[in-house]
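**Student:** Below are the sequence and a predicted model for it; my questions follow.
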Amino acid sequence: MSGFNKVVNSYDEAMAGLEDGMTVIAGGFGLCGIPENLIAQVKKMGTKDLTIVSNNCGVDGFGLGVLLEDRQVKKMVSSYVGENALFMQQLLAGELEVELTPQGTLAEKMRAGGAGIPAFYTATGYGTPVAEGKDVRDFKGRNYILEESITGDFAIVKGWKADKFGNVIYRHTAQNFNPMAATAGKITVVEVEEIVEPGELDPAHIHTPGIYVDRLIVGTFEKRIEQRTVRT
Amino acid sequence: MSGFNKVVNSYDEAMAGLEDGMTVIAGGFGLCGIPENLIAQVKKMGTKDLTIVSNNCGVDGFGLGVLLEDRQVKKMVSSYVGENALFMQQLLAGELEVELTPQGTLAEKMRAGGAGIPAFYTATGYGTPVAEGKDVRDFKGRNYILEESITGDFAIVKGWKADKFGNVIYRHTAQNFNPMAATAGKITVVEVEEIVEPGELDPAHIHTPGIYVDRLIVGTFEKRIEQRTVRT
Amino acid sequence: MALTREQIAIRVARELQDGFYVNLGIGIPTLVANYVPEGMEVMLQSENGLLGMGQFPTEDEIDADMINAGKQTVTTVTGASIFSSAESFAMIRGGHVDLTVLGAFEVDTSGNIASYMIPGKLIKGMGGAMDLVAGADNIIVTMTHASKHGESKLLTKCSLPLTGAGCIKKVLTDLAYIEIEDGAFILKERAPGVSVEEIVSKTEGKMIVPDHVPEMVF
Amino acid sequence: MALTREQIAIRVARELQDGFYVNLGIGIPTLVANYVPEGMEVMLQSENGLLGMGQFPTEDEIDADMINAGKQTVTTVTGASIFSSAESFAMIRGGHVDLTVLGAFEVDTSGNIASYMIPGKLIKGMGGAMDLVAGADNIIVTMTHASKHGESKLLTKCSLPLTGAGCIKKVLTDLAYIEIEDGAFILKERAPGVSVEEIVSKTEGKMIVPDHVPEMVF
């Protein structure tokens, strides 16, 4: 195997180098497509004062919620954090900062971070609390606010399948924030359900090209469902 | 068939509504993945004073080059226009304007146009002629220039396969600028090699979702090769 | 009589057109999908990255990897596509969605909307709502006309933190269908049996009442 | 003796590391692919949307839909990926490419590079060159040290319109390997049989010459 083999064999190895005070970008929407085992590894490591960038903060006892139990999180950058009693408790007690960011702006900030775009204008949030302290500019008669991009020391990503070179595909709506997160980490760690040989994935169907991926690990996943809705 | 059927049956219908002075965004890189028949239709229509946004301007007698023959183009926005003697002749005679735009900036301007981002900062072109008249701003100790997005009255796109709802996939490197062009037209017209029934394309592998596509037509393509290189 | 949740959904559904791509918010807006007129097709966009959302799955079909923006398990319709959150909001922010329906706490005569935060109460976040109201040309806000205590939610100026500024033109309450134009609410339709006087009395912001205000028919 | 095109490519190839993603410009940079050291693998990025460019096709393999940034027909290697131009330049602009090799008309002691336009001559455009020089941390410029008329191309200040400002740190000419640091050229290696004096005499910009300047070995 060449120097493009990104596979690591333990979660210790996958998250090696994570230090107190770092910024971690996580994929996932609600509990769908979250890197559950990488999050569990961060809990196990006990790293403190983390800034976590993720659309949500899991639920009590699962997903990113577990990092609140030992107060590992200093700040969350999220669009929606309503599913988590411990989160609210720490927020109201002033033990946790939160930077609420519109969902589309959050996705674009991650993409821009990975793509070398330091900032972009968007109409989203103009005239709202989100605009406070941000530059406003008129383009063609409409006002937009300037939003800066986000990069992380680590990005933690959940894929479906990947080849050993780190070319990743996602399954259904478990894609969500994962492709953007994958581009925006200084060290990008991807956990997947299956690792295949290079060449098994169609080059035209790869969601995250291996150039963005530093470490790859295969895991097993609980995939907890947040709102189990069925028709009869 | 429902209201999502985007299929039209003639090239006349495909380009109906194109008027003098409009802006047309075209996919393609060199002669690869260009909407050859839609371009030929524009030539046939004789529409004048067009602004064409495309990475290149074809070659003499093929691709966008044919629009120069009857002086249909007022302005080209491109990154590289070196393959075309008629182009140079009209440019030097002052009959044609050209706005040279770095290739990555051009791709991002189209994407931003389609994505409701009116402008973004990039380091590309800082300190060069491209930066003239543009805002410069420092982010984290580096200088970036502000680039505005591009939208077109029409976008003309070459796909490989599409379903009738306008979900498109591209073949190999004929993808290039096509997906961004598809998002940035007020009217987006896609020509493809094959139209299939909805459901035949895997939802996770669609490059251009049908929401961006207004008209869809099946055509036959010459696919001229610009640099035929082989190994022996 | 004030409109029921179902009647609100039915009235919104009359704004649908064949071939519309539609984003439906959580709550009453979700119900609109049940009232798409016969012979018409619309495609539902879910901002977590799905165009062509289908109905809830059967027990056998449930898949943790297939959810909507409300985090409910769903299915896809034929011709659906699935993509990243960045692509999803490119569609939304870029104005490619034909109709957006969402709830609100307050709207005002400037087209401002407040829907995500009540200071002093729990702060959950705006999710995708700010992007949706900023990105769409065609938005219908569904809400009750007044609070349980009779306080109007159609104001001269929103009192709560805004979700978006100057972006709302259509409001459907349990009492009336209203459009916002030139700094005023225009009363376009009233719920069956609800008088113009009641609507005006429950509207704090300036309201223009045309000579004839038709009653909705269900 | 001045380096041949092949020797320039060989010298550049010594900067490769196993697992590098590399973008090679048109001309001499393209030749670098022929000299990847035994047992090392690199993956070539082509900015038209291909990561994992392979060799030219056989007559039977030729496909108009599979080209590189030089518009040449190519193939893919195992484990390649293909994507849009926006994604390709996200990689480039975002600094994900490990090494970029490209040609130039001039470089200067401030790390400026001019490579795309000679005023008064034909204007073809910058293609992806401006993105490549702005996006990469690790760039090697390959060029002849001086023009046929003996005019230096290593200047105090580029005379031609710039492709990028302050972004070049490494230059390999037919005479020398040079690094740019604190506003000066540092002479690091010289071509076999080429004297320090000759290099200095053909360098217009300020050049710092260490005590020992090793000769390249081929």
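**Tutor:** The structure has been received and is ready for your questions. Numbers count the residues shown, from 1 in each chain, chains lettered A, B, ... in the order given.

**Student:** all contacts plus neighbour counts: C-alpha atoms, from now on.
**Tutor:** OK.

**Student:** All the strands of chain A, residue numbers only.
**Tutor:** With DSSP state E as the criterion, chain A has strands at A:23-26, A:50-53, A:73-78, A:97-100, A:119-122, A:136-139, A:142-148, A:152-158, A:161-163, A:168-169, A:185-192, A:194-196, A:215-218.

**Student:** looking at those, which is closest to chain D?
**Tutor:** Distance to chain D, taken as CA to the nearest CA, is lowest for strand A:161-163 among those, at 7.6 Å.

**Student:** That closest one near chain B at all?
**Tutor:** No. Using CA under 8 Å from any CA of the partner chain, strand A:161-163 never reaches chain B; the gap is at least 13.0 Å.

**Student:** any idea of the mean pLDDT in that strand?
**Tutor:** Mean pLDDT, strand A:161-163: 98.

**Student:** next one: stretch C:150-165
**Tutor:** Here stretch C:150-165 scores 97 as its mean pLDDT.

**Student:** Tell me which residues of that stretch come out buried.
**Tutor:** Within stretch C:150-165, the residues scored as buried using 16 or more other CA atoms under 10 Å in any protein chain shown are C:152-158, C:160-165.

**Student:** Kindly reformat the residues you listed as JSON lines and extend each row with secondary structure and distance to chain D.
**Tutor:** Below are the buried residues of stretch C:150-165 laid out as JSON lines (DSSP: H, G, I helix; E, B strand; the rest coil; distance: CA to the nearest CA, whole Å):
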{"residue": "C:Ser152", "secondary structure": "strand", "distance to chain D": "48"}
{"residue": "C:Lys153", "secondary structure": "coil", "distance to chain D": "44"}
{"residue": "C:Leu154", "secondary structure": "strand", "distance to chain D": "44"}
{"residue": "C:Leu155", "secondary structure": "strand", "distance to chain D": "44"}
{"residue": "C:Thr156", "secondary structure": "coil", "distance to chain D": "44"}
{"residue": "C:Lys157", "secondary structure": "coil", "distance to chain D": "42"}
{"residue": "C:Cys158", "secondary structure": "coil", "distance to chain D": "40"}
{"residue": "C:Leu160", "secondary structure": "coil", "distance to chain D": "39"}
{"residue": "C:Pro161", "secondary structure": "coil", "distance to chain D": "35"}
{"residue": "C:Leu162", "secondary structure": "coil", "distance to chain D": "33"}
{"residue": "C:Thr163", "secondary structure": "coil", "distance to chain D": "31"}
{"residue": "C:Gly164", "secondary structure": "strand", "distance to chain D": "30"}
{"residue": "C:Ala165", "secondary structure": "coil", "distance to chain D": "31"}
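
**Student:** between the residues you listed, which is closest to chain B?
**Tutor:** C:Gly164 (15.5 Å).

**Student:** so that closest one makes contact with C:Val133?
**Tutor:** Yes. Using CA atoms under 8 Å, C:Gly164 makes contact with C:Val133 at a distance of 6.1 Å.

**Student:** what residues are shared contacts of these two?
**Tutor:** Listed as contacting both C:Gly164 and C:Val133 by CA atoms under 8 Å, 6 or more residues apart in numbering or on different chains are A:Thr124.

**Student:** quick one on the thing from earlier: of the buried residues of stretch C:150-165, which ones also sit close to chain A?
**Tutor:** C:161-165.

**Student:** biggest separation within these, which pair?
**Tutor:** C:Pro161 and C:Ala165 (10.3 Å; CA to CA).

**Student:** any shared contact partners between those two?
**Tutor:** A:Thr128.

**Student:** Please list the residues of chain C that sit near chain D.
**Tutor:** Applying the criterion CA under 8 Å from any CA, no portion of chain C neighbours chain D.

**Student:** Could you list the low-confidence segments of chain C?
**Tutor:** Chain C contains residues with pLDDT under 70 at C:122.

**Student:** cool, and chain A?
**Tutor:** Low-confidence segments of chain A (pLDDT under 70): A:1-2.

**Student:** residues touching the residue nearest in space to the middle of it, list them.
**Tutor:** Nearest to the mean C-alpha position of chain A, by CA atoms, centre = their mean, lies A:Ala26 at 1.8 Å. Shown in contact with A:Ala26 (CA under 8 Å, 6+ apart): A:34-35, A:52-54, A:155-157, A:177-178, A:181.

**Student:** Can you show me the helices along the chain?
**Tutor:** Let's take chain A. Assigned by DSSP state H, the helices in chain A fall at A:11-14, A:36-45, A:66-69, A:85-92, A:103-114, A:178-183.

**Student:** hm, I was asking about chain C
**Tutor:** Listed in chain order, the helices of chain C (DSSP H) span C:5-13, C:28-31, C:85-93, C:129-135, C:196-201.

**Student:** then the first one to CSV, C-alphas only?
**Tutor:** What follows is the C-alpha trace of helix C:5-13 in CSV, where atoms were taken according to Å, rounded to 0.1, in the frame of the first residue of the first chain:
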residue,chain,number,x,y,z
ARG,C,5,-54.9,23.5,11.7
GLU,C,6,-56.2,21.5,8.8
GLN,C,7,-58.0,24.4,7.2
ILE,C,8,-54.9,26.5,7.4
ALA,C,9,-53.0,23.8,5.6
ILE,C,10,-55.8,23.5,3.0
ARG,C,11,-55.8,27.2,2.3
VAL,C,12,-52.0,27.3,2.0
ALA,C,13,-52.2,24.4,-0.4
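
**Student:** Return the distance of the residue nearest to A:Val168 when sequence neighbours are not counted relative to chain B.
**Tutor:** Spatial nearest neighbour of A:Val168, excluding adjacent residues (CA to CA, 6 or more residues apart in numbering or on different chains): A:Ala162 at 4.3 Å. With distances taken as CA to the nearest CA, to the nearest Å, A:Ala162 is found 15 Å from chain B.

**Student:** neighbours around A:Ala162, how many?
**Tutor:** 31 (other CA atoms under 10 Å in any protein chain shown).

**Student:** I am assuming it contacts A:Glu200, so please confirm or correct that.
**Tutor:** No. Between A:Ala162 and A:Glu200 there is no contact under CA under 8 Å: 9.2 Å.

**Student:** quick revisit: between the helices of chain C, which one is nearest to C:Gly70?
**Tutor:** The nearest among those, by CA to CA, is helix C:28-31 at 9.7 Å.

**Student:** Quick check: residues of chain A near chain B?
**Tutor:** So chain A meets chain B at A:116-123, A:139, A:171-172, A:204-205 (CA under 8 Å from any CA).

**Student:** at 7 Å what do you get?
**Tutor:** Proximity of chain A to chain B (CA under 7 Å from any CA of the partner chain) is limited to residues A:117-122, A:139, A:172, A:204-205.

**Student:** Also near chain D: which of these, exactly?
**Tutor:** A:Ala204.

**Student:** Now list the buried members of the residues of chain A next to chain B.
**Tutor:** Applying 16+ other CA under 10 Å to those flags A:117-122, A:172, A:204-205 as buried.

**Student:** show me the contacts for C:Ile178.
**Tutor:** C:170-172, C:185-189 (CA atoms under 7 Å, 6 or more residues apart in numbering or on different chains).

**Student:** what does A:Leu18 give?
**Tutor:** Taking CA under 7 Å, 6+ apart, we find A:Leu18 in contact with no residue.

**Student:** Next, count neighbours for A:Asp135.
**Tutor:** By other CA under 10 Å, neighbour count at A:Asp135 equals 12.
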